[in-house]
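Enquirer: Pasting the sequence and the predicted model now:
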Amino acid sequence: MNVQRSLVLIKPDGLQRDLLGEVIGRFERKGLKIVGLKLIRLTESMLDEHYAHLADKPFFASIKEFMMQTPVVGIVFEGIDAIEAIRKLIGSTNPRQADAGTIRADLAMNVPSNLVHASDSVENATVEVKRFFKDEELFQYEKITDRYVFGEGV
Ligand code: UDP
Ligand code: MG
């Protein structure tokens, strides 16, 4: 069993549009366990690191500005193959092209305001969780439902 942790950020459009509960609820209902959760006021230097792969894009400055408009909600989820499962739940980058049923397809229309960020690989998840969460902000605990979502399923 491959239990992974992945970082999700709910972007400023999620907060402004009162979709925090809806978005968190979709991950909860899937069976992903919340092991860290907080509001984060992103800084330009955090975003320079977080979006380093976009540094040469024309929209780099505007996406950073967008991400600093309000605090974001940072969540660390844990689950079996959580990184891929979460990427499937959020859908592809452009919400108008994302598969119906995904968070971005169902709830958003635009980039950059596509509601959520989620780690896209094991390597990035490790770095991103560390970037935004201290060890003492991450929790290990048992839920009575763990046997259904992590165990044999009975
Ligand atoms: N983005 C954008 N225009 C683009 C591509 C990306 O504004 O043409 C923004 C969008 O908010 C996206 C973020 O930059 O979520 C990070 O881009 P990435 O390619 O990593 O997409 P993601 O992993 O978020 O699907
Ligand atoms: Mg990405």
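Expert: Sure, I can see it. Ligands and ions are numbered 1, 2, ... in the order given.
Enquirer: Look up how far ligand 1 lies from Ile86.
Expert: Using C-beta to the nearest ligand atom, to the nearest Å, Ile86 is found at 11 Å from ligand 1. C-beta coordinates here come from the backbone N, C-alpha and C atoms, glycine included.
Enquirer: Next: Leu47.
Expert: 10 Å.
Enquirer: And Ile10, its phi and psi?
Expert: Backbone geometry at Ile10, expressed as degrees, to the nearest 10, gives phi -90, psi 120.
Enquirer: got the contact list for it?
Expert: Residues in contact with Ile10 (C-beta atoms under 8 Å, 6 or more residues apart in numbering) are 19-20, 23-24, 72-73, 75, 115-116.
Enquirer: Spell out which residues of the chain are next to ligand 1.
Expert: Within the chain, the positions near ligand 1 by C-beta under 6 Å from any ligand atom are 54, 59, 63, 93, 111-112, 114, 117, 120.
Enquirer: please redo it, this time with the cut-off set to 5 Å
Expert: Contact residues, the chain versus ligand 1 (C-beta under 5 Å from any ligand atom): 59, 63, 93, 111-112.
Enquirer: Put the buried members of those into a PyMOL selection.
Expert: In PyMOL, this line selects whichever of the residues of the chain next to ligand 1 come out buried by 16 or more other C-beta atoms under 10 Å:
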select buried, resi 63+112
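Enquirer: so what secondary structure elements neighbour the one helix or strand in the chain whose mean pLDDT sits lowest?
Expert: In the chain, the helix or strand scored least confidently by mean pLDDT, DSSP states H and E is helix 146-149, which has a mean of 92. Of the remaining helices and strands, none touches helix 146-149 by 3 or more C-beta pairs under 8 Å, 6 or more residues apart in numbering; DSSP states H and E.
Enquirer: Run through who's touching it.
Expert: Helix 146-149 is contacted by residues 31, 33, 79-80, 153-154 when judged by C-beta under 8 Å, 6+ apart.
Enquirer: Relative to Gln140, which of those residues is nearest.
Expert: The nearest member of those to Gln140, counting by C-beta to C-beta, is Lys33 at 9.5 Å.
Enquirer: Which residue lies closest in space to the closest one, excluding its sequence neighbours?
Expert: Glu78 (4.6 Å; C-beta to C-beta, 6 or more residues apart in numbering).
Enquirer: Cheers, nothing more for now.
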